[in-house]
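# sequence first, then the predicted structure:
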Amino acid sequence: MPDKPFFKTDSEAELGATAHTQPRSYDSGLAARVSPALARQLVSQALARMPHGELHVIAPDGSERQFGSGEPSGTIELHDERVWNAFLNGSLGLGGAYADGLWDSPDLPALAGVGAANIGVFDHVRERLLPLTRPLEALRTLRRGRGAERARADIAAHYDLGNDLFELMLDPTLTYSSAFFPEPEAELEQAQLAKLELVCEKLELGPDDKVLEIGSGWGSFALYAARTRGCHVTTTTISENQYEYAAAKVAKAGLQDRITLLKDDYRALRGSFRKLVSLEMIEAVGWRGLSTFLRTCAGLLTPDGAMLLQVITMDDRGYPVEKASRTFTTEYVFPGGSLPSLAAVGGALARYTDLAIRDVQELTAHYVLTVRRWRERFLANVEELERRGYDERFRRIWLLYLAFAEGGFAQQRTGDFQLLLGKPRYRPPSLIRHAPLTSVPVGGGAAGA
């Protein structure tokens with residue numbers, strides 16, 4: 001069963017107490033100051049200037065209007081006039097309105113793709129508002145708090161929702177990062193194992209290696225590396241659920257002598273390691289923690305050590321705005337999270353560490369397929385999720401989160417990269433295998449709820 005009462009009830013009081021206490025995002029800020037009629041006029045004027053793809057808007061009265069033309073193409077069906085106001089608050093407003101059932105779409109990822117294709121056009125407008133939004137974001141961060149305790153609370157809000165949720169959505173290895181598809185038709189489990197093999201290959205792991213993993217997940221990398229390479233893996237997570245689950249799997253596999261499982265914040269880690277792995281954990285440290293995270297990783301490596309960093313990235317041009325903004329994902333799904341840009345990662349590495357980038361491999365197209373498989377599994381298990389206490393509002397939030405992810409990766413608003421980083425005395429392998437997959441179209445998967 002899920003661990004938070006938020007997901008066992010539709011009570012507004014309990015929802016607010018456990019999830020978020022801010023006003024509805026489509027009834028706050030600018031959205032609260034204009035009438036639905038004026039909001040419809042303002043939004044329609046903006047959509048009429050949409051430069052990429054087309055959007056079909058079906059109003060509550062059944063009338064339909066098309067904005068733009070070509071691909072990507074998406075449809076939004078409004079059930080309530082307040083959705084026009086929600087548009088004014090971006091993904092945060094539209095996400096909240098979707099969670100409350102105020103709109104739907106026959107193809108959520110396709111609709112998200114339209115948004116992702118066009119959001120960059122408005123980045124310069126949002127950037128002009130940064131002098132106003134930055135102080136508000138700084139105050140909000142101060143109120144939320146920072147440090148290890150805040151990090152534990154943020155991680156718990158996502159990863160401790162209940163192992164059964166992730167067992168129903170992910171593949172049997174419970175790997176919660178982009179897979180590596182040898183071919184588009186490959187099974188998700190096969191693709192995740194191929195990704196874990198790719199990581200081991202790039203780091204040339206062997207029996208003599210002491211490996212540190214920051215962000216254990218449910219133990220898939222540690223188990224795979226220990227089994228296939230015979231190396232010793234020290235892995236850490238600050239999720240209570242993940243720690244207990246991974247500990248049970250390590251014990252069942254009889255690998256306690258080769259896997260040391262910790263429950264420590266990365267800033268508390270000590271020791272010296274030749275190899276370090278972090279698979280899509282850096283997004284959880286927030287943009288303010290980026291330099292601290294990378295500096296800490298560099299300090300844990302031997303002079304000839306190497307790090308494999310798999311990172312979800314934000315488009316460089318949108319990064320200044322996104323890191324200072326409240327979004328649907330950071331408010332409803334990943335509190336405290338922030339996607340870095342490649343430029344931000346590269347800049348932090350140069351300024352705060354002695355790590356150098358030795359190899360870069362893009363997995364963005366692979367992530368489109370990965371998230372699509374997660375969403376299809378989530379949809380296939382909706383009834384089971386309901387039986388286990390995950391209410392409709394929660395299910396809608398997660399379906400939209402997965403759709404936003406698929407659309408964002410398909411339109412390359414967000415990306416995914418494996419970076420092989422080396423200390424000054426590290427010498428990389430001469431040949432590194434790269435992914436043949438280059439692009440995957442958005443849409444065409446299972447329809448949204």
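Yep, it's here. Numbering: from 1, shown residues only.

# poorly predicted segments of the protein, please.
Counting by pLDDT under 70, the chain has low-confidence residues at 1-33, 120-161, 324, 430-449.

# which strand in it runs the most residues?
Longest strand of the chain, by residue count under DSSP state E: strand 301-314.

# for that one, buried residues please.
Under the neighbour-count criterion of 16 or more other Cβ atoms under 10 Å, strand 301-314 has L301, G305, A306, M307, L308, L309, Q310, V311, I312, T313, M314 buried. Where you see a C-beta, it was placed from the backbone N, CA and C, and this is true even at glycine.

# could you do stretch 388-405 as well?
Within stretch 388-405, the residues that qualify as buried by neighbour count (16+ other Cβ under 10 Å) are 388-391, 393-405.

# alpha carbons only: can I get stretch 175-185 in PDB?
Extracted C-alpha coordinates of stretch 175-185, given in PDB (Å, rounded to 0.1, in the frame of the first residue of the first chain):
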ATOM      1  CA  THR A 175      15.400   0.900 -13.100                       C
ATOM      2  CA  TYR A 176      14.100   4.500 -13.000                       C
ATOM      3  CA  SER A 177      16.200   6.100 -15.700                       C
ATOM      4  CA  SER A 178      16.500   6.100 -19.400                       C
ATOM      5  CA  ALA A 179      17.000   2.700 -21.000                       C
ATOM      6  CA  PHE A 180      19.200   1.900 -24.000                       C
ATOM      7  CA  PHE A 181      17.300   0.200 -26.800                       C
ATOM      8  CA  PRO A 182      19.300  -2.000 -29.100                       C
ATOM      9  CA  GLU A 183      16.300  -1.700 -31.300                       C
ATOM     10  CA  PRO A 184      13.000   0.200 -30.900                       C
ATOM     11  CA  GLU A 185      11.000  -3.000 -30.500                       C
END
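
# ok, which pair from the buried residues of strand 301-314 is furthest apart?
Greatest spacing in the buried residues of strand 301-314, by Cβ to Cβ: G305 and M314 (27.8 Å).

# dig out what the residue nearest to Q361 when sequence neighbours are not counted forms beta bridges with.
Excluding the flanking residues, the one nearest Q361 by Cβ to Cβ, 6 or more residues apart in numbering is Q418, at 4.6 Å. Q418 has these beta-bridge partners by DSSP bridges: Q310, Q361.

# follow-up on the earlier one: name the helices or strands packed onto the longest strand of the chain?
Here strand 301-314 touches helix 188-202, strand 273-279, helix 290-299, helix 342-352, strand 414-422, going by 3 or more Cβ pairs under 8 Å, 6 or more residues apart in numbering; DSSP states H and E.

# what's the first helix or strand after that strand?
Later in the chain than strand 301-314, the nearest helix or strand by DSSP states H and E is helix 319-322.

# packing partners of that next one?
Under the contact criterion of 3+ Cβ pairs under 8 Å, 6+ apart, helix 319-322 touches helix 123-128.

# residues of stretch 177-188 that come out buried?
Under the neighbour-count criterion of 16+ other Cβ under 10 Å, stretch 177-188 has S177, S178, A179, F180, F181, A186, L188 buried.

# hmm, the fifth one is touching L193, no?
So that's F181. No: F181 is not in contact with L193 according to Cβ atoms under 8 Å; the separation is 11.2 Å.

# biggest separation within the buried residues of stretch 177-188, which pair?
Using Cβ to Cβ, those span at most 16.1 Å, a distance reached by S177 and A186.

# what's around the residue nearest to Q361, how many residues?
By other Cβ atoms under 10 Å, the residues close to Q418 number 23.

# ok, Q256 - how many residues close by?
Neighbours of Q256 (other Cβ under 10 Å): 12.

# buried sites along stretch 99-114?
Judged by neighbour count (16+ other Cβ under 10 Å), stretch 99-114 contains these buried residues: 99-100, 102-105, 107-114.

# mind picking the one among these that's closest to L165?
Distance to L165, by Cβ to Cβ, is smallest for A99 among the buried residues of stretch 99-114, at 16.4 Å.

# wait, what's in contact with the closest one?
By Cβ atoms under 8 Å, 6 or more residues apart in numbering, the residues touching A99 are Y332, R393, R396, I397, L400.

# can you redo the residues you listed as CSV with secondary structure and distance to A46?
Shown next, in CSV, are those (DSSP: H, G, I helix; E, B strand; the rest coil; distance: Cβ to Cβ, whole Å):
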residue, secondary structure, distance to A46
Y332, helix, 24
R393, helix, 28
R396, helix, 25
I397, helix, 25
L400, helix, 21
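
# can you list these in JSON lines and add distance to G346?
Shown next, in JSON lines, are the contacts of A99 (distance: Cβ to Cβ, whole Å):
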{"residue": "Y332", "distance to G346": "30"}
{"residue": "R393", "distance to G346": "39"}
{"residue": "R396", "distance to G346": "37"}
{"residue": "I397", "distance to G346": "33"}
{"residue": "L400", "distance to G346": "31"}
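
# which members of these are the farthest-apart pair?
Greatest spacing in these, by Cβ to Cβ: R393 and L400 (10.9 Å).

# ok, back up a step: CSV for the buried residues of stretch 177-188, including distance to G286?
Compiled in CSV, the buried residues of stretch 177-188 are given as follows (distance: Cβ to Cβ, whole Å):
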residue, distance to G286
S177, 18
S178, 21
A179, 26
F180, 27
F181, 30
A186, 34
L188, 29
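
# tell me which of these is nearest to G289?
Nearest to G289 out of these is S177 (Cβ to Cβ; 18.9 Å).

# for the closest one, give its distance to P207.
Shown here: S177 relative to P207, a distance of 25 Å by Cβ to Cβ, to the nearest Å.

# what's around the closest residue to L402 other than its chain neighbours, how many residues?
Closest residue in space to L402, ignoring its immediate chain neighbours: R375 at 4.1 Å, by Cβ to Cβ, 6+ apart. Using other Cβ under 10 Å, R375 has 23 other residues around it.
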